[in-house]
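1. below are the sequence and a predicted model; questions follow.
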Amino acid sequence: MRQPFILSCESTVDLPYSYVSSRGIPVLFYSYTADEKEYPDDMGRDPDALPAFYKLLETRIPQTSQLNVWQYVAFFEPLLEKSDVLHIAFGSGMTNSVTNAFAAATLLKEKYPHRRLEIIDSFCSSSGYGLLVDCAADLWDQGKTMDQISQWTRTWCKRVHHQFFSTDLKYFRRSGRVSGAAATVGAILSICPIMRLNNEGRIIAYDKVRGKEAAIQRTVKTMEAHAVGGVDYDKKCFICHSNCLGVAEKLAEAVSSRFPLIPGGPRICDIGTIIASHCGPGTVAVFFFGDERAPGEKG
């Protein structure tokens with residue numbers, strides 16, 4: 001039986017809203033701007049929203065921004081009127097939004113001294129962030145206390161591995177992850193950079209291979225080296241993609257073959273509009289629990 005507090009998160013968990021909502025988790029939505037018009041990070045609520053986003057991406061570069069203090073205040077206040085709140089935030093390696101979440105909590109403490117509002121920096125991104133929140137919700141369902149879930153989340157957040165690769169380097173060129181020359185050569189030679197998040201939640205490009213199949217095999221090999229239990233890994237595993245479902249399905253098949261004990265096999269999700277605004281189409285990622293993520297440049 002659940003303990004009487006609210007578990008909340010942000011839309012960059014890159015899980016379907018229908019699923020997150022079914023778990024009773026309130027969501028604070030990011031948004032992006034294109035042609036001076038603001039669009040919500042839809043999370044699959046409108047089936048036409050993501051295809052429209054990728055169509056827009058062909059000709060325009062969306063702008064994203066962090067959540068401000070008052071957005072957090074407006075989100076937290078009605079929750080605090082009902083109960084204590086444990087909020088797992090989008091990782092600080094990707095955005096400074098969590099700083100504003102802490103500031104909002106300080107402001108609200110004066111108005112709601114009888115309530116507890118705890119903010120946790122996930123140090124995670126996309127469906128890796130979703131994996132952390134989803135497993136925290138499992139503990140919530142099991143009747144674990146707010147303190148127990150908070151401790152578990154802080155212990156495991158830097159053990160959620162984010163391994164990913166891209167088949168289209170031009171968006172990583174825009175973000176400065178690869179040089180213009182490297183992006184051009186990569187496009188000609190079908191070079192896929194292999195990337196991960198370090199223990200600060202920042203993107204590290206640490207290897208490169210030629211072709212999607214090699215990228216899949218390199219990703220699976222890396223998972224084997226870091227996953228809890230190695231090939232006997234038996235925890236949840238999420239895979240997400242930006243408009244390249246076929247590649248994500250091939251990765252899921254390879255992961256399922258190598259890690260047969262994953263309950264129900266890997267779950268495939270869409271990368272949402274906020275993350276995809278920076279990585280573009282053609283990115284595939286796998287998320288799993290493993291050893292603590294390394295701080296350095298090597299995988």
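-> Nice, I can see it.
2. is G130 in contact with I239, as I believe?
-> No - look at G130 against I239 with C-beta atoms under 8 Å: they stay out of range, at 11.2 Å. Placement of C-beta: from N, CA and C, glycine included.
3. so which of those two has more stuff around it?
-> Using other C-beta atoms under 10 Å as the criterion, G130 and I239 rank with G130 on top: 28 against 24.
4. my read is the more buried one is in a strand, agree?
-> No - under DSSP: H, G, I helix; E, B strand; the rest coil, G130 falls outside any strand and is assigned helix.
5. ranges for the helices of the stretch 1-150 of the chain?
-> All helices of the stretch 1-150 of the chain, identified by DSSP state H, counting those that start in this stretch, fall at 17-22, 49-57, 69-80, 97-111, 126-141, 146-156.
6. mind putting these in CSV, mean pLDDT and distance to K37 included?
-> Listed next are the helices of the stretch 1-150 of the chain as CSV, based on pLDDT from 0 to 100; distance: least, C-beta to C-beta, whole Å:
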stretch, mean pLDDT, distance to K37
helix 17-22, 98, 21
helix 49-57, 94, 10
helix 69-80, 98, 18
helix 97-111, 97, 21
helix 126-141, 98, 24
helix 146-156, 98, 36
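7. with R267 as the reference, name the closest of those.
-> Among the helices of the stretch 1-150 of the chain, the nearest to R267 by C-beta to C-beta is helix 126-141 (8.2 Å).
8. against which helices or strands is that closest one packed?
-> strand 5-10, strand 84-89, helix 146-156, strand 160-166, strand 238-241, strand 283-289 (3 or more C-beta pairs under 8 Å, 6 or more residues apart in numbering; DSSP states H and E).
9. angle of the second one against helix 126-141?
-> Spelled out, that is strand 84-89. 160 degrees (axes from the mean of the first three to the mean of the last three C-alpha atoms, to 10 degrees).
10. and strand 84-89, average pLDDT?
-> The pLDDT scores in strand 84-89 average 98.
11. and Q148, how far is that from F29?
-> 28 Å (C-beta to C-beta, to the nearest Å).
12. more neighbours: which of those two?
-> Set Q148 next to F29 and count neighbours by other C-beta under 10 Å: F29 wins out with 18 against 14.
13. so V286 sits against E224, correct?
-> No - under the criterion of C-beta under 8 Å, V286 is not in contact with E224, lying 11.4 Å apart.
14. contacting residues for the most centrally placed residue in the chain?
-> Note on the chain: the residue nearest the mean C-alpha position is S126, at 1.5 Å, using C-alpha atoms, centre = their mean. By C-beta atoms under 8 Å, 6 or more residues apart in numbering, the residues touching S126 are T12, V13, D14, H162, C240, I271, G272, I275, A285, F287.
15. give me the nearest residue to it, chain neighbours excluded.
-> Once flanking residues are discounted, S126 sits nearest to D14: 4.4 Å by C-beta to C-beta, 6 or more residues apart in numbering.
16. C279 is in contact with that neighbour, correct?
-> No - between D14 and C279 there is no contact under C-beta under 8 Å: 11.3 Å.
17. quick one: contacts for the residue nearest to S126?
-> S126, S127, Y129, G130, C240, C269, D270, I271, G272, I275.
18. now with 7 Å?
-> Taking C-beta atoms under 7 Å, 6 or more residues apart in numbering, we find D14 in contact with S126, S127, G130, C240, C269, D270, I271, G272, I275.
19. going by distance to I25, which of the residues you listed wins?
-> Closest to I25, out of all of the contacts of D14 and judged by C-beta to C-beta, is G130, at 10.4 Å.
20. identify the residue spatially nearest to that closest one, adjacent ones excluded.
-> V13 (3.7 Å).
21. and stretch 277-297, average pLDDT?
-> Rounded mean pLDDT across stretch 277-297 is 91.
22. list the buried ones in it?
-> 277-290, 293 (16 or more other C-beta atoms under 10 Å).
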